[in-house]
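**Student:** Sequence unavailable; structure follows:
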């Protein structure tokens, strides 16, 4: 085998990148490995529709490896560190993979605690985010119970 590309992150960006690279390079010329810490890919744009009953959570969650084209290796592993000099990714549970090209597509992480008071009393009960699956489902249930009063929508920062 020729060169080896490692993609850290199996979300939308990592999956699209790996699949496009596989179409560009033959397996004999280039190996591609995608590494992610879990197996569930959540289609995040669909989360906006969950609170209003317009999308079912089970339709938004798919197996990460099943989203990858044939000829792409998938490694379910947490990442301990990357050694840039040795061009090696070390996994949290042991093991490693070498690369010629490294793509970092680990995505974004929600930080609701960065907005003062947001995660205080009521968080997960009557205060929700719809940027993750538990929050979108919780907001759906809260809206089902809602029989009047005020609803406040706060865009604390760009998602």
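**Tutor:** In hand now; what should we look at? These numbers come from a predicted model, not from an experiment. Residues are numbered from 1 along each chain as shown.
**Student:** which stretches of the protein form helices?
**Tutor:** With DSSP state H as the criterion, the chain has helices at 12-24, 133-145.
**Student:** lowest confidence element among the helices and strands of the chain?
**Tutor:** When the helices and strands of the chain are scored by mean pLDDT, DSSP states H and E, strand 40-42 comes last with a mean of 91.
**Student:** do you know how far the nearest residue to residue 2 once chain neighbours are set aside is from residue 81?
**Tutor:** Excluding its sequence neighbours, the residue lying closest to residue 2 (CB to CB, 6 or more residues apart in numbering) is residue 29, at 4.5 Å. For glycine as for every other residue, the C-beta is placed from the backbone atoms N, C-alpha and C. Note on residue 29: its distance to residue 81, by CB to CB, to the nearest Å, is 28 Å.
**Student:** Can you lay out the helices of the chain as JSON lines showing distance to residue 4, mean neighbour count and mean pLDDT?
**Tutor:** As requested, the helices of the chain are exported to JSON lines (distance: least, CB to CB, whole Å; neighbours: other CB atoms under 10 Å; pLDDT from 0 to 100):
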{"stretch": "helix 12-24", "distance to residue 4": "11", "mean neighbour count": "17", "mean pLDDT": "96"}
{"stretch": "helix 133-145", "distance to residue 4": "33", "mean neighbour count": "16", "mean pLDDT": "94"}
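**Student:** Let's have these in JSON lines, adding distance to residue 105.
**Tutor:** As requested, those are arranged in JSON lines below (distance: least, CB to CB, whole Å):
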{"stretch": "helix 12-24", "distance to residue 105": "4"}
{"stretch": "helix 133-145", "distance to residue 105": "20"}
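**Student:** hang on, isn't the residue nearest to residue 2 packed against residue 3?
**Tutor:** Yes - counting by CB atoms under 8 Å, residue 3 is a contact partner of residue 29 at 7.1 Å.
**Student:** what residues are up against residue 38?
**Tutor:** Counting by CB atoms under 8 Å, 6 or more residues apart in numbering, residue 38 touches 64, 76.
**Student:** now the chain, which segments are flagged as low pLDDT?
**Tutor:** 1, 156-159 (pLDDT under 70).
**Student:** which stretches of it form strands?
**Tutor:** Along the chain, counting by DSSP state E, strands occupy 3-8, 30-36, 40-42, 61-63, 72-76, 79-83, 88-91, 96-98, 101-104.
**Student:** As a markdown table, the ones you listed with mean neighbour count and distance to residue 21 would be great.
**Tutor:** Formatted as a markdown table, the strands of the chain follow (neighbours: other CB atoms under 10 Å; distance: least, CB to CB, whole Å):
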| stretch | mean neighbour count | distance to residue 21 |
| --- | --- | --- |
| strand 3-8 | 20 | 6 |
| strand 30-36 | 22 | 6 |
| strand 40-42 | 17 | 18 |
| strand 61-63 | 14 | 20 |
| strand 72-76 | 18 | 8 |
| strand 79-83 | 14 | 19 |
| strand 88-91 | 17 | 17 |
| strand 96-98 | 15 | 16 |
| strand 101-104 | 15 | 8 |
